[in-house]
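Asks: need a 3D model of the following:
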Amino acid sequence: MKKIILAFTLFSSLLANVFALNANETKEQRDQRMAWFRDARFGMFIHWGVYSAPGGIYQGKDLGAGEWLMNHHKIPVADYKALGKDFTAAKYDPESWVALAKRAGMRYMVITAKHHDGFALYDSAASDWNAVKASAAKRDLIAPLEKAARAQGLHFGLYYSQSQDWVHAGGENFHGKWDQAQAGDYDQYLSKIAAPQIEEIMTKFKPDILWWDTPVKMTPARSALFTQHLVKYPNLVMNDRLGGGVRGDCRTPEGHIPPRGYPGEDFEVCMTMNNTWGYRSRNTNWLPTRMLLQMLTDISSKGGNFLLNVGPTGDGIIPQGSIDSLEGVGKWLNLNGESIYGTQAAPFAKRLPWGRVTRKPDATGGGETMYLHVWEWPKNGKLTMPHAGQEGTKANFLVSKAAVPTTVSGDKLVLSVPPTAPDADVSVIVLHLPKMVVDNDTPFESPDANGVVTLNIIEAERLGTYDSGTIQMNGEGAEAYIGPWTDTRWNLKYYFKAPKAQEWLIQAEIAAAEPVGLIISSDWQIPKIQAAVPATGGENVWKTVDLGRIKLWAGEPYIVIQAEAKGWQPIRIRNVTIRPAPKE
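Replies: Coordinates of the predicted model:
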């Protein structure tokens, strides 16, 4: 009985740690702890490990894998461990990595201390499967980077895969195990490998950020194995992926930018610069600087951080394509960083047709400074700011300081800009407003009195690709459209408010010189809808086309419109209408 009581007492103590981590922190204390993170806005993610050596190729096959090489190829544990001999880190220069991050305008970095393959980049006493004892590198690879980062003024963070581990016996796996060597007890793995390694990296490196991932089968008791080692680091910032009831400090949308951000919450969007996180030799589809700048300004406008990944080679070289794009971002930030660092989310509920906005309240109170990041330069020379119609507002270009004339039109502010954008990628205009801007609009369109939702193309998330950009928007107001839609990999995503779960009829205004096919989808719609679009008579001839019926949930559902690759010809799309489908 005494053993049972002792065990229960220990469990209760550990469980308390799960929910007590910063539980007594006041808002002021949290704001102080999170201040550097919120101000930084831009960080470097680094995925590096044994998987970097083969670069996605195994036994002559390329399955599109980088860091998931072992899983995708179902490589036996012994065979995967043998790849350690090729992971040399021979050209690893941590100072140059940090210097690149600084040139890119990044304020912090996070590197994989251990990814899902279980390989640790430092000398771990809990497992010999590490860079010192099981690779040709034969040295600790975390310590010199941590030292270089701090020496150059960057905050330093570590990624750790606590649940998924494809090498250590008992480690979890999303897709099932394929080697008997992976069999074992999960709790034994957590207590003998994962939790001790967390204690190691916290003691050795004292990271500013701890970045968890894929919390498979994590419970409060299991998470407590980790949090017991964290309570003595009160300034630690960690994400929301530990699991087991631990909320963490920030949400982590991966590979996408949430349409409204997370109002009132800290978040960090993580993305890679091509299609994989770890190095893949045949993947050279690097995101161009313009797209990275649009992502950075979009995320900042919602109050979030941007954690952008690089995947070095097995010998420690960051690919030149990554360097080129990052240096382009850095040149822009060197001139326009004021509009990103230390800013807050814009107040606008709906997306602006021409770009994004960040803000800084005046230190003296009352007014504010807004930064207009212009993606689409207006052809008519007019930029309209909703809810900003204030007399006494002053505007100027951030870089040249040249004044920008403004006029008040109702509750709107209209800026008169020159014919050509001063920056081909993203131009920044500064507004000095005597009062804070308030927007009480709802973020997504709701049905009208007849139950119909009309979505202007401005409301669409235009999702593109790494190598071909996104669909361009043209025109203004109700006449705004996207096109020409040339790349079949592009797609559009629309959110709206639905009062109840039901079936809807989708229609769109389309101009098409040739007949094409569209694919309509959403989470609830299985299978996807195949919609036939007839020729309308030319690229400037608009017709309303029925795209089909779709079942959607109540709340804030979405629809995605994609191109049918076979027989695709460029089209244009204007307004999309969603109405309750009549009973069949």
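Asks: next one: the helix or strand containing Gly330 to chain centre, how far?
Replies: Here Gly330 sits within helix 320-336, counting by DSSP states H and E. Relative to its chain's centre, helix 320-336 lies at 18 Å (CA atoms, centre = their mean, to the nearest Å).
Asks: run the chain-centre distance for the helix or strand just after that helix.
Replies: As assigned by DSSP H and E, the chain's next helix or strand after helix 320-336 is strand 344-345. Taking CA atoms, centre = their mean, the mean C-alpha location of strand 344-345 is offset from the chain mean by 17 Å.
Asks: likewise stretch 91-106?
Replies: Here stretch 91-106 shows a centroid-to-chain-centroid distance of 21 Å under the convention CA atoms, centre = their mean.
Asks: what residues does that stretch touch?
Replies: Applying CB atoms under 8 Å, 6 or more residues apart in numbering, the external contacts of stretch 91-106 come out as 42-44, 46, 109, 137, 141, 144-145, 147-149, 151-154, 308, 312, 315-318, 323, 326-327, 329-330, 332-334, 337, 340. The way it works is simple: take the backbone N, C-alpha and C, and place the C-beta from them, glycine included.
Asks: tell me the buried residues within the residues you listed.
Replies: 42-44, 46, 109, 137, 141, 144-145, 148-149, 154, 308, 312, 315-318, 323, 326, 329-330, 332-333, 337, 340 (16 or more other CB atoms under 10 Å).
Asks: ok, the closest residue to Val516 other than its chain neighbours - contacts?
Replies: Computed as CB to CB, 6 or more residues apart in numbering, the closest residue to Val516 that is not its neighbour in sequence is Val533, at 5.0 Å. Taking CB under 8 Å, 6+ apart, we find Val533 in contact with Ile510, Ala512, Pro515, Val516, Gly517, Leu518, Val545, Leu547, Ile571.
Asks: again, but for Glu391
Replies: By CB under 8 Å, 6+ apart, the neighbours of Glu391 are Val408, Pro434.
Asks: low pLDDT regions in the stretch 201-350 of the chain?
Replies: Within the stretch 201-350 of the chain, no stretch has pLDDT under 70.
Asks: where exactly do the helices run in it?
Replies: With DSSP state H, counting those that start in this stretch as the criterion, the stretch 201-350 of the chain has helices at 220-227, 289-301, 320-336.
Asks: can I get those in a markdown table with distance to Glu556?
Replies: Below are these laid out as a markdown table (distance: least, CB to CB, whole Å):
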| stretch | distance to Glu556 |
| --- | --- |
| helix 220-227 | 30 |
| helix 289-301 | 19 |
| helix 320-336 | 32 |
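Asks: going through the contacts of Val533, which ones are buried?
Replies: For these, buried by 16+ other CB under 10 Å: Ile510, Ala512, Val516, Gly517, Leu518, Val545, Leu547, Ile571.
Asks: quick check, nearest of the residues you listed to Gln562?
Replies: Here the nearest of the buried ones among the contacts of Val533 to Gln562, counting by CB to CB, is Leu518; it sits at 6.8 Å.
Asks: Asn22: neighbour count?
Replies: Per other CB atoms under 10 Å, the neighbour tally for Asn22 reads 16.
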